[in-house]
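*Asks:* only geometry, no sequence info:
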């Protein structure tokens, strides 16, 4: 079932050997780990030449404050023509949490990247409007990080 | 008030050049027509909308953080409250993601009942959409008719699971309980009465020239824009893209059912309306097929460490009792892995990204809410429309703030 | 002070008892809710208004979108911290007399969501008259809440001021002056003497079920 998806991996590798640093094939899904500097080009290649015209989801995950790299940014791509799905992953360290934006490739990435910034604190370079989207604009901290407590910090204040 | 995004002060520019300035109108968060707590920053030139910027987060519940602190089976209860018009769909996405990580197979009767309830839930969700959309545009009686039909579906769901709107009926490995006695007769009764209701809606709304005048040509989005903005579900199919995950990425046995995918090409509010009306008829067909192929059988998978045993079994056998205790008190571990499971919810592609780390609580659960992505395209759809049309466009997007804000 | 408070303060009790009954009956029979549906409970509220459980039988005929035309605010759904100032503002915009029904577990106490994002109980923000448990409560429960609120309204009195506590409102003040205190012992003694004279009186009107002569 994943032979079709491996064909895309081969296409990426044929284009540039260094783009796909690690490929994981588990549970019927193919995950390609891409380095932060080449994620924009890989996405552009997949969108223009492999038919992945829709970005289904862009989400972040936190490995924990002691892990390095700390953050994982997942890109879930979908092709409306061939109906295949692919996942790209970018691993980001905590002290250098910057990833180039893909909102110029797929306009839908705009809010997804704002949400990832809001929840994790990962900055998307080149994003037109990177501000908080779900949490209040005066919120202090990034809520989905593992070291942020579930119940939050300060007592309520209405102002 | 500390909550508002900075809006430009309406001051001297209005006095000096009253017809030349752009007015900012904040629509919401408490508003009868925004389908929840949504705030829209409308930049207006008179009555024409120049830009409509949504401001969300007023219902942010921190559900994704809450999932990490709850065992897998406790998380099912939280998923009910996300898209609260389609709770069984949310349950299904979460439960299927966990089952995929575990690698367990679901028996056929459970799959059939899952499809039956998902399609009933889709009809119920579309009925709320129709009722509130018509209420916003001004046709108030349709609201009452829709909710009357929806009460029947809610009674069916309540009979099976005990909850009208928050059923939590699906479990990891099958269902919570088997269907009660007489369910098939009641469901068949509902199916026999429903086409007449659909005809009523057609007469009242579809054939109504006022309705057509308010919805045709409003809120246009082209096919390329729809894909670029990531629209899914009826919003995408209303713009001519033939993508339905029930047929294209099938799950839960949908590939064995016979149904059509409704596609329209205009890309306006009218096209999305037609797609959803036809989808209700298609869902009706699927429920009928599911009801006919219900056969007696087990409803829980054969995985004693994951699925709760029957109560009788638990009382008589020691190992069932131990399994029951362990599952409820400590939960079951799911081996490390990650999965993204998309399903076709009533609003579009609902994707559950679940990452497990070998413990009894998930490491990360993220829901790709279709309304979150659909709402992002609102400025594109409402540029150049009147303020009253913005209400119609929001209705046609069918957004639920619980899913947007999670 | 509201107009009716000023008027009725000066009337003898026998008249205000009758007026109480009439005015409270009028207020309870046309409780117009303000639309404050937030989440899942809002859909159950919509179910309560719909044809099967019809809330307009009990006087809640129309849900007014503008809080300035509403009597009761049914807070249905979870209140997030971003929404809390908005909730308080809408409550402040409602004119007296106003009541609040906290519908559902999330509005009453935070519900399932005990985390950074949800206010743990809407009574931290607005004073609540009726709490309705459930997640979401059945429509019949919301109807019961409205009838409980109606019983509560019948026990009120027109002489009660709703914006201050009883003891404070019964102290007579020169109109146009603010109650400024320095906290000296003499002032405290004076206030205590005034409080003792104007101590709150128990309700002299028994509730409806206590007035039944047969049992």
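*Replies:* On my side now, so go ahead. All of these numbers come straight from a predicted model, not from anything done at the bench.

*Asks:* So which residues of chain C form strands?
*Replies:* C:33-34, C:72-76, C:99-103, C:130-132 (DSSP state E).

*Asks:* so who does the most centrally placed residue in chain C touch?
*Replies:* A centroid search over chain C (Cα atoms, centre = their mean) returns residue C:99, at 2.7 Å, as the residue closest to the centre. Counting by Cβ atoms under 8 Å, 6 or more residues apart in numbering or on different chains, residue C:99 touches C:31, C:71-73, C:129-130, C:149, C:152-153. Using the backbone N, CA and C atoms, a C-beta is placed for each residue, glycine as well.

*Asks:* how about a cut-off of 10 Å?
*Replies:* C:27-28, C:31, C:33, C:71-74, C:127-130, C:149, C:152-153, C:156, C:162 (Cβ atoms under 10 Å, 6 or more residues apart in numbering or on different chains).

*Asks:* since we're on the closest residue to residue C:93 other than its chain neighbours, how many residues are nearby?
*Replies:* Leaving aside its chain neighbours, residue C:93 sits nearest to residue C:67 (4.4 Å; criterion: Cβ to Cβ, 6 or more residues apart in numbering or on different chains). When neighbours are counted by other Cβ atoms under 10 Å in any protein chain shown, residue C:67 registers 20.

*Asks:* ok, now residue A:48?
*Replies:* Residues lying near residue A:48 (other Cβ under 10 Å) number 11.

*Asks:* In a strand, residue B:367, correct?
*Replies:* Yes: applying DSSP: H, G, I helix; E, B strand; the rest coil, one finds residue B:367 inside a strand.

*Asks:* If you drop the residues flanking it in sequence, what lies closest to it?
*Replies:* Nearest one to residue B:367, counting by Cβ to Cβ, 6+ apart, is residue B:352 at 5.7 Å.

*Asks:* And the pLDDT at that neighbour?
*Replies:* You'll see residue B:352 listed with a pLDDT of 93.

*Asks:* isn't there a strand covering it?
*Replies:* Yes: under three-state DSSP, residue B:352 falls within a strand.

*Asks:* so it makes contact with residue B:342?
*Replies:* Yes: contact criterion Cβ atoms under 10 Å: residue B:352 and residue B:342 qualify, at 8.0 Å.

*Asks:* Name the residues contacting each of those two.
*Replies:* In contact with both residue B:352 and residue B:342: A:57, B:93, B:96-97, B:368, using Cβ under 10 Å, 6+ apart.

*Asks:* Smallest gap between chain A and chain C, at which residue?
*Replies:* residue A:152 (3.0 Å; Cβ to the nearest Cβ).

*Asks:* A strand includes that residue, no?
*Replies:* No: if the criterion is three-state DSSP, then residue A:152 is coil and not within a strand.

*Asks:* And the helices in chain A, which stretches?
*Replies:* A:3-15, A:39-49, A:109-120 (DSSP state H).

*Asks:* Tell me how many other residues crowd residue B:184.
*Replies:* 14.

*Asks:* Is it within a helix or a strand, and which one?
*Replies:* helix B:183-201 (DSSP states H and E).

*Asks:* what comes up buried for that helix?
*Replies:* B:183, B:187, B:190, B:194, B:197-198, B:201 (16 or more other Cβ atoms under 10 Å in any protein chain shown).

*Asks:* picking up where we left off before, put together JSON lines for the shared contacts of residue B:352 and residue B:342, with distance to residue C:44, neighbour count and pLDDT on each row.
*Replies:* Below are the shared contacts of residue B:352 and residue B:342 laid out as JSON lines (distance: Cβ to Cβ, whole Å; neighbours: other Cβ atoms under 10 Å in any protein chain shown; pLDDT from 0 to 100):
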{"residue": "A:57", "distance to residue C:44": "31", "neighbour count": "26", "pLDDT": "90"}
{"residue": "B:93", "distance to residue C:44": "23", "neighbour count": "26", "pLDDT": "93"}
{"residue": "B:96", "distance to residue C:44": "27", "neighbour count": "22", "pLDDT": "93"}
{"residue": "B:97", "distance to residue C:44": "28", "neighbour count": "29", "pLDDT": "92"}
{"residue": "B:368", "distance to residue C:44": "27", "neighbour count": "24", "pLDDT": "92"}
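
*Asks:* Nearest to residue B:120, out of these: which one, please.
*Replies:* Among the shared contacts of residue B:352 and residue B:342, residue B:93 lies closest to residue B:120 (Cβ to Cβ), at 16.6 Å.

*Asks:* right, quick check: the helix or strand where that closest one lies against chain A, any contact?
*Replies:* Using DSSP H and E, residue B:93 maps to helix B:87-102. Yes: Helix B:87-102 is in contact with chain A by Cβ under 10 Å from any Cβ of the partner chain, via B:97, B:100-101.

*Asks:* Look at residue A:99 and report its pLDDT.
*Replies:* 90.

*Asks:* Check residue C:197 too.
*Replies:* So residue C:197 comes in at 63 (pLDDT).

*Asks:* got it, and residue B:275?
*Replies:* Looking at residue B:275, the pLDDT reads 92.
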